[in-house]
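Peer 1: fold the following.
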Amino acid sequence: MKKLSILDKLLFIINSLLAALLLFSYLGYYISPNTYSLFSFLSLVIPFLIIVNFLFIIYWILKFKKQFLLSTLILLIGFQYITKFYSFSEKKVLLTNDVKIMSYNVRMFNLYNWIDKKDIDKKIYDFINEKSPDILCIQEFHPSKKLDLKYPYSYVKIRTNQNNFGHAIFSKYKIINSGSLNFSNSTNNAIFIDLIKEKDTIRVYNVHLESLKINPEKEILTQQNSEKLKIRVENAFKKQANQASLILQHQEKSKYKSIICGDFNNNAFSWVYHTLKGEKNDAFEIAGKGFGNTYGNKFSFRIDFILTDKNIEVNNYRTYPVKYSDHFPIMARINFKQTDKIQ
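Peer 2: Alright, predicted model coming up:
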């Protein structure tokens with residue numbers, strides 16, 4: 001520190017505080033919000049902290065200062081978080097027996113004209129039909145719009161409430177069982193189907209966890225509003241934790257290979273993500289590219305996921321930046337067993 005200028009000393013103090021905060025925030029992955037919610041709040045800012053610490057590394061290296069070692073060490077300790085934040089290369093393997101699975105929060109097909117454009121519902125249908133996923137999981141599904149989705153099998157669960165929306169799973173494969181987990185005290189939910197593909201029976205969960213109801217682009221923070229926001233988000237964290245535990249308990253009773261996909265309303269650094277992922281693969285980490293952001297405009301986050309059992313191979317993953325909802329659709333190509341490649 002003696003050889004640093006006053007400005008660099010000040011920057012290193014800030015660097016040290018942000019590095020310590022990043023290290024501390026790693027704990028949010030392992031500590032339930034029902035135990036201590038502070039870590040859940042910190043997990044929300046991990047992407048920002050990773051970027052800032054990386055910028056400090058560059059700054060100190062350009063100045064030939066050993067202070068770069070601090071942020072470097074902290075990032076190495078949390079290296080697993082880097083792969084959740086950014087994927088460097090896309091895996092692109094096309095097999096004859098691939099199954100395309102898509103997850104899409106359609107925001108009720110723009111029923112209330114949040115997007116000021118015509119025929120958003122038709123554009124969503126056209127997009128889905130063009131990509132033609134074999135399994136389609138839709139969150140915030142609204143039955144009032146005329147369907148034009150070409151699937152022989154489906155399971156739709158509409159919650160009886162003021163908004164009259166719910167969730168749906170469409171499948172090109174025969175559905176032999178289906179059900180709803182019916183989250184208590186929530187308009188959100190999780191549904192599931194068991195489908196048959198050749199000799200395999202696969203369970204697919206379509207999940208929509210409790211919303212944190214944070215809009216960083218519109219939220220005006222005063223002292224009073226900040227306290228209300230804290231209480232609201234803390235309650236949502238706890239609801240998410242209970243919902244994730246319910247899904248996990250339900251999944252453990254199944255003897256089939258399973259896939260969990262949907263809108264988690266939380267990022268890949270959270271306890272609920274860690275709980276639902278378990279030993280599963282995150283399709284983005286295995287086969288995606290870039291940041292994989294699925295929600296937001298100025299402030300973007302990856303809060304939509306496709307998680308597959310270890311014995312299900314992920315061959316490709318895509319995020320489609322089509323602005324027909326407040327979420328982007330995601331799709332993975334998966335394979336249950338090795339088959340011949342497309343010629």
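
Peer 1: buried sites along stretch 313-321?
Peer 2: Within stretch 313-321, the residues that count as buried by 16 or more other CB atoms under 10 Å are 313-319. C-beta here means a position set from N, CA and C on the backbone, and glycine is covered the same way.

Peer 1: just the CA coordinates for it, please, in CSV.
Peer 2: Extracted as CSV, the C-alpha positions of stretch 313-321 are listed here (Å, rounded to 0.1, in the frame of the first residue of the first chain):
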residue,chain,number,x,y,z
GLU,A,313,-27.4,-35.7,-22.4
VAL,A,314,-27.7,-32.0,-23.3
ASN,A,315,-26.6,-31.4,-26.9
ASN,A,316,-27.5,-27.8,-27.4
TYR,A,317,-29.1,-24.8,-25.6
ARG,A,318,-30.4,-21.5,-27.0
THR,A,319,-31.9,-18.3,-25.6
TYR,A,320,-34.1,-16.6,-28.2
PRO,A,321,-34.1,-12.7,-27.8
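
Peer 1: contacts for it, please.
Peer 2: Contacts of stretch 313-321 from elsewhere in the structure, counted by CB atoms under 8 Å, 6 or more residues apart in numbering, are 90-95, 98, 127, 131, 281, 283-284, 286-288, 290, 292-294, 306, 308, 328-336, 338.

Peer 1: so Leu22 touches Ile51, yeah?
Peer 2: No - under the criterion of CB atoms under 8 Å, Leu22 makes no contact with Ile51, lying 10.3 Å away.

Peer 1: neighbour-wise, which of these two wins?
Peer 2: For Leu22 versus Ile51, the count of surrounding residues by other CB atoms under 10 Å is larger for Leu22: 23 against 12.

Peer 1: may I ask you to confirm that the more buried one belongs to a helix?
Peer 2: Yes - the assignment for Leu22, made by DSSP: H, G, I helix; E, B strand; the rest coil, places it in a helix.

Peer 1: list the contacts of the spatially closest residue to it that is not a sequence neighbour.
Peer 2: In space, and not counting its chain neighbours, Leu22 is closest to Leu49: 4.1 Å by CB to CB, 6 or more residues apart in numbering. Counting by CB under 8 Å, 6+ apart, Leu49 touches 18, 21-22, 25.

Peer 1: which two in the residues you listed are spaced the farthest apart?
Peer 2: Spanning the widest gap among the contacts of Leu49 are Leu18 and Ser25, at 10.2 Å by CB to CB.

Peer 1: looking at these two, which is more packed in?
Peer 2: Ser25 (24 against 19).

Peer 1: pretty sure the more buried one contacts Pro47?
Peer 2: No - here Ser25 does not reach Pro47: they are 10.4 Å apart, not a contact under CB under 8 Å.

Peer 1: name the SS class of the residue nearest to Leu21 when sequence neighbours are not counted, please.
Peer 2: Spatial nearest neighbour of Leu21, chain neighbours left out: Leu49 (6.2 Å); criterion: CB to CB, 6+ apart. Per three-state DSSP, the secondary structure class of Leu49 is helix.

Peer 1: what separation do you get for Leu49 and Thr294?
Peer 2: The gap separating Leu49 from Thr294 is 20 Å, by CB to CB, to the nearest Å.

Peer 1: now, among the buried residues of stretch 313-321, which is nearest to His142?
Peer 2: Thr319 (23.2 Å).

Peer 1: so Leu73, which state does it fall into?
Peer 2: Under the three-state scheme (three-state DSSP), Leu73 adopts helix.

Peer 1: who are the neighbours in contact with Ser180?
Peer 2: By CB under 8 Å, 6+ apart, the contact list for Ser180 reads 157, 189-192.

Peer 1: turn those into a markdown table, columns for neighbour count, distance to Ser171 and pLDDT.
Peer 2: Formatted as a markdown table, those follow (neighbours: other CB atoms under 10 Å; distance: CB to CB, whole Å; pLDDT from 0 to 100):
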| residue | neighbour count | distance to Ser171 | pLDDT |
| --- | --- | --- | --- |
| Lys157 | 19 | 14 | 94 |
| Asn189 | 21 | 18 | 96 |
| Ala190 | 25 | 17 | 98 |
| Ile191 | 25 | 12 | 98 |
| Phe192 | 24 | 12 | 98 |
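
Peer 1: quick one, which of the contacts of stretch 313-321 are buried?
Peer 2: Judged by 16+ other CB under 10 Å, buried ones among these: 91, 95, 98, 281, 283-284, 286-288, 292-294, 306, 308, 328-336.

Peer 1: so which of those are in strands?
Peer 2: Within the buried ones among the contacts of stretch 313-321, residues falling in strands by DSSP state E are 281, 306, 308, 330-335.

Peer 1: can you redo these as CSV with pLDDT and distance to His167?
Peer 2: Listed next are those as CSV, based on pLDDT from 0 to 100; distance: CB to CB, whole Å:
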residue, pLDDT, distance to His167
Asn281, 96, 23
Ile306, 98, 15
Thr308, 98, 19
Ile330, 98, 16
Met331, 98, 17
Ala332, 97, 19
Arg333, 97, 23
Ile334, 96, 20
Asn335, 93, 26
